[in-house]
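Asker: okay, predicted coordinates and the sequence, questions at the end:
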Amino acid sequence: MTARARRPATATAANEHAPARRTRAARSVDVEAAAANGTRNGHRPGPSRSARARPTLTTVDSDDTVAANGYRSARSPSGTDREVRPDIWEERVADALAFLRRRLTGDYHVDEFGFDAELTDGVFYPLLRLLYQHYFRVECSGIDRLPVDGPALLVGNHSGTLPVDALMLSLAVHDETPAHRHLRLLGADLVFRVPVLSELARKGGATLASNPDAERLLRAGDYVGVFPEGFKGIGKYYRDRYRLQRFGRGGFVSAALRTGTPIVPVAIVGAEEIFPIIGNITPLAKVLGLPYVPITPLFPWFGLLGLLPLPSKWLIQIGEPIPTTGLTDDADDPIVVFNLADQVRETIQETLHSLLQRRPDPFG
Amino acid sequence: MNVLVTGASRYVGAHLAARLAAHPRVERVTGFDIVPPAGRLRDLLAEHDVAVTTGRDRDGRGDGGVRDVVAAVTGGEVDAVAHMGVVSSPGAGGRPAMKEQNIIGTMQLLAACQATPGVSKLVVRSSTAAYGASFRDPAVFTETTPPTLVPRGGFAKDVIEIEGYVRGFTRRRPDVVTTVLRLAPFVGPDAETSLTRYFALPVVPTVLGRDPRLQFIHTDDALELLVRSVVENHRGTYNVAGDGVLALSQAIRLAGRVALPVIEPGMNAFAALVRASGIARFISHPLLRLPELSHDQLDLFVHGRVVDTRALVEEFGFRPRDTQEAFADFIHGRDLHGSGFAALRPAAVTALESVVRDGVRRVRGARTPRAPEGRAGS
C-alpha cells in the first residue's frame, strides 16, 4: 500500500535533502554524479520523494539512459574539469522536458488520496511561492517544533473568504521543514463537490475532512492540517477578525487521540485582511448552495478584479505541540475531547494576540 | 470436494470452473448458467471436462428457475458453491432480466444451499460498487464503511441487495463458511469488459473537471483468490483490489490515449445513446467496440473509488498485483501502444523529447563562450 510504503521513503528523503539544499553551483556537480550513478534524483532540482516512491512503469528505463546520455554528451565537447558542468539553461530545459514527458506518458505516482507529489512540487508550490514570498511576505516561526519524522496534526485559525491560509501554511511547512514534508489538508465536502476544484484539491494532497481519512493519514505518518472553525471561521465578517469561532465537534481531537498524534496549534495572522467581508448576500448563497457569498470592498463591484487579494503582511506561528500519547482510550470521552479542543483554541487565540502586537500595520 | 459454479458461461465463472477442475483438492466441478457457454469459454470448459447445466431441456424449455438450481445443488452432492452468476451490465434482456438473474437467482441459490445440509462452503462474487460513489465518502473504503448514498446504478443496488441476502443466509446457516469477495474492476490481457473497451477507444471521453482515482484487479489474481476461497476456509467479506491508485487521466495516458473531457450531462447522454441505440453491436473493429457504460461506471468516473486491502492480504497471505502493474499488463497484453490509435506512445514522446533537447543544446552550443563560472550560481 502506498501509504505504508511512504514511511521509509520519508525517512530517506530527509537524508537526501542535504545535497538538494546546497547551492545551485554545487548541485550541478551532484547532477553529474547522479547521472553517472544512474540514479534519477540528479536531473530534478526539487525534492525527490515522488521519484523514489514512484512505481516502476514501462518507460522508467529509458528515463535513466536518456538522462545519463544527455549529460554525458553535453560534457564530451569540452575537455577540462571546469566545463564538465552542463549549461544551466540546458539543464533547465532537460528538466522541464523530462517533467513533460512523465506527465504525458502517465509515468508518475498518485497516492490513494489522489495526492500527486510531482505536480504539487513542480507546479502548485512554485506558483504559491510567488504569493508567499513576494505578495504576502510570509514570516513563519517555530517550524522546528514540528516532529522531524512521524505524524502531527496541525490545527489553525481559518479566515480570508477563500482558503488561502491553508495553502500558505502547507507551503510554509514544505519549504521550512528540513525534509520538505507535505502538509495534507482536510477540506469541507463542498470542495469535493465542485468539479475542477475537487481534483486540484486532491492532487495537492487534500482530502475530505472526516475521521477515517484523517486517521489514515496520521497512521501513515503524515502531517495533517485542519481548520476546525470551518465556514464559520473563513466566512466571518471583517469586524470579527482574529476572534476565533466555535470549534465544531472536536473530531480532530479524537482523530489525534486515537492515533496518538501530537496536536500542534498554529496561529496565522494576515489572512483576515486579504478579502475583508463587509456583507453577505444570503439569498444568493442559498440559491447557489454555498455557505456565503461575500461582499468585500472589491467584490462583486469590480468583478474578477475582486478576486485579487489585498497584499497584507502575514505571520505564521507554529505553537508548542500538545502530546496525546496514552490518551487513546479517551478518544470517545466527550469531556476529554472538548477540553483538549478548548485548550488548543485558547492557545491559538493568545498567540494571535501576541502576533498582532508584532504587526501593528496589516499591510506594512 | 464437489463444487458448483454459477455463471459458468461467463468469463469469471468459466475460468474459475476450469481452475477448480485442475485443482488437486477438487474432484468434480459442475457449471450452472442460464445460457450455455460459447466460443473460447466453451472450449476451455470442455478441455477441463466441466459440464454446464442450463436448466433448460433440449427444446429450450425450462427457465433455469428455482427447481433447476435446487436440483443442481441437492442432486449433485455439492459441498461448495461458488456464486459467480452476478452480472454487472444488462444483456439482451435489459435491466429487468439483469435484476431477475442477480436478485432472484441469488435468492433461489441461497434457498437451495440452505436446504442442502451437505453444502459447507459458499463463495459469492460481489463488487466494490457496493460502496457507491459520492463526494462525501472517505478516500479509502474499508470493509466496514457503509455507503453514504444509495447508489443510482442498477448493479450497485443489486450487489448491496445480494450481500444483504448472503448476510441473512450466514445467520441461518452459521456452519457454512461464507466468503464474499468485493472485486475491483477487472483488467487483464484477455478479459473484455466495458472498462477495457473504454480504454481502447482512440479518444477517451472523461467527465470535465473530474479525475477520479481508480483501482483495478488483475484477472489472474482475482481468479487465484476465488480459487483459494473455495478450496481453503476464509470466512468473511474482503475487498479485492490491487494496491495503489491510477488517476483516470494517468491511466488514459499510460494507454497512449487522449482524453476528451465532456461535461457531466454530456457523458451521461453519450452513455445513454450507446446503450439505447445498441450501436455497439454493429461495430466489429476490435478497437472501436463502444463500451456500454452503466450508471455505476459513470459515477465511478466522477468520484472514483479506492478500497483498503489489508484484511485480504492478512487473511489470504496473498498480495494481488498492484493496480499499476495490472494495468500495464492489460496495455501490454492488448498491445494498446502498437495499435494505430495510440497518439501518445511512450517511445514517440521520448523521441520527441530528445529531439527538442538536442535542438536546444545545439542552439546553446552555438552561442559560445559557455556560461562563465558566476552565472551557474545565479
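Answerer: Looks like it came in fine.

Asker: hey, where'd the helices end up in the stretch 201-350 of chain A?
Answerer: Defined through DSSP state H, counting those that start in this stretch, the helices belonging to the stretch 201-350 of chain A, from first to last, are A:211-219, A:231-234, A:251-259, A:282-288, A:334-358.

Asker: likewise the stretch 251-378 of chain B?
Answerer: Under the criterion DSSP H, counting those that start in this stretch, helices of the stretch 251-378 of chain B are mapped to B:264-277, B:295-303, B:310-316, B:323-334, B:346-366, B:373-376.

Asker: and the contacts of the second one?
Answerer: In other words, helix B:295-303. Under the criterion C-beta atoms under 8 Å, 6 or more residues apart in numbering or on different chains, residues B:88, B:129, B:132-135, B:137, B:151-156, B:185, B:194-195, B:198, B:206-207, B:210, B:212, B:214, B:248, B:264, B:267-268, B:271, B:293 lie in contact with helix B:295-303. In short, each C-beta sits where N, CA and C put it, glycine included.

Asker: which ones among those residues are found in strands?
Answerer: Counting by DSSP state E, the members of the contacts of helix B:295-303 that fall within strands are B:206-207, B:214.

Asker: those also near chain A: which ones?
Answerer: Contacts with chain A within the ones in strands among the contacts of helix B:295-303, as defined by C-beta under 8 Å from any C-beta of the partner chain: B:Val207.

Asker: can you tell me which of the ones in strands among the contacts of helix B:295-303 is nearest B:Leu44?
Answerer: B:Leu214 (28.6 Å; C-beta to C-beta).

Asker: one step back: between the helices of the stretch 201-350 of chain A, which gets nearest to chain B?
Answerer: helix A:211-219 (4.0 Å; C-beta to the nearest C-beta).

Asker: which residues are contacting the closest one?
Answerer: A:3, A:113, A:151, A:153, A:184, A:186, A:207, A:224, A:226, A:251-252, A:254-256, A:258-259, A:261, B:138-140, B:142, B:145.

Asker: tell me how far the helix or strand harbouring A:Arg103 lies from the chain's centre.
Answerer: Assessed by DSSP states H and E, A:Arg103 sits inside helix A:88-104. If you compare the mean C-alpha spot of helix A:88-104 with that of the full chain, they lie 24 Å apart, counting by C-alpha atoms, centre = their mean, to the nearest Å.

Asker: before we move on, what about stretch B:235-251?
Answerer: Relative to where its chain is centred, stretch B:235-251 has its mean C-alpha point 10 Å off (C-alpha atoms, centre = their mean).

Asker: stretch A:235-247 now?
Answerer: On the basis of C-alpha atoms, centre = their mean, the separation between the geometric centre of stretch A:235-247 and that of its chain is 23 Å.

Asker: same question for stretch A:314-326.
Answerer: How far stretch A:314-326 lies from its chain's middle: 16 Å, per C-alpha atoms, centre = their mean.

Asker: what residues does it touch?
Answerer: By C-beta under 8 Å, 6+ apart, the surrounding residues in contact with stretch A:314-326 are A:136-143, A:145-147, A:152, A:154, A:168-169, A:172, A:256-257, A:260-271, A:340, A:343-344, A:347-348, A:351, A:355, A:358-359.

Asker: buried among those? Need that as a selection in PyMOL.
Answerer: To isolate the buried members of the contacts of stretch A:314-326 in PyMOL, using 16 or more other C-beta atoms under 10 Å in any protein chain shown:
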select buried, chain A and resi 136+138+139+140+142+146+152+154+168+169+172+256+257+260+261+262+263+264+265+266+267+268+269+270+271+340+344+347+348+351+355+359
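
Asker: ok, back up a step: and the helix holding A:Arg103, which residues are buried?
Answerer: Buried positions in helix A:88-104, judged by neighbour count with 16+ other C-beta under 10 Å: A:88, A:90-91, A:93-95, A:97-99, A:101-104.

Asker: please work out which of the helices of the stretch 201-350 of chain A is packed deepest.
Answerer: helix A:251-259 (a mean of 24; mean count of other C-beta atoms under 10 Å in any protein chain shown).

Asker: of all the residues in chain A, which one is nearest chain B?
Answerer: With C-beta to the nearest C-beta as the measure, the residue in chain A that lies nearest chain B is A:Pro195; the distance is 2.8 Å.

Asker: residues in the stretch 101-250 of chain B within reach of chain A, list them.
Answerer: Residues of the stretch 101-250 of chain B lying close to chain A by C-beta under 8 Å from any C-beta are B:135-140, B:142, B:145, B:207-211, B:213, B:243-247, B:249-250.

Asker: go again using 7 Å as the cut-off
Answerer: B:135-136, B:138-140, B:208-211, B:213, B:243-247, B:250 (C-beta under 7 Å from any C-beta of the partner chain).

Asker: specify which member of the residues you listed is nearest to chain A.
Answerer: Out of those, the member with the shortest distance to chain A (by C-beta to the nearest C-beta) is B:Gly209, at 2.8 Å.

Asker: contact partners for the closest one?
Answerer: Counting by C-beta atoms under 7 Å, 6 or more residues apart in numbering or on different chains, B:Gly209 makes contact with A:195-196, A:199.

Asker: for these, pick the one with the most neighbours.
Answerer: A:Glu199 (22 neighbours; other C-beta atoms under 10 Å in any protein chain shown).

Asker: the nearest residue to that one once chain neighbours are set aside: what's it in contact with?
Answerer: Sequence neighbours aside, B:Asp211 is the residue nearest to A:Glu199 in space, at 4.5 Å (criterion: C-beta to C-beta, 6 or more residues apart in numbering or on different chains). For B:Asp211, the contacting residues are A:199, B:247-249, by C-beta under 7 Å, 6+ apart.

Asker: ok, 8 Å please
Answerer: Taking C-beta under 8 Å, 6+ apart as the contact definition, B:Asp211 lies against A:114, A:199, A:202-203, B:247-249.

Asker: ok, now B:Ala271?
Answerer: When contacts are counted by C-beta under 8 Å, 6+ apart, B:Ala271 touches B:292-294, B:297-298.

Asker: what do you get if the cut-off is 7 Å, keeping everything else the same?
Answerer: Residues touching B:Ala271, when contacts are defined by C-beta under 7 Å, 6+ apart, comprise B:293, B:298.

Asker: how close does it sit to B:Pro138?
Answerer: When C-beta to C-beta, to the nearest Å is the yardstick, B:Ala271 and B:Pro138 sit 27 Å from each other.
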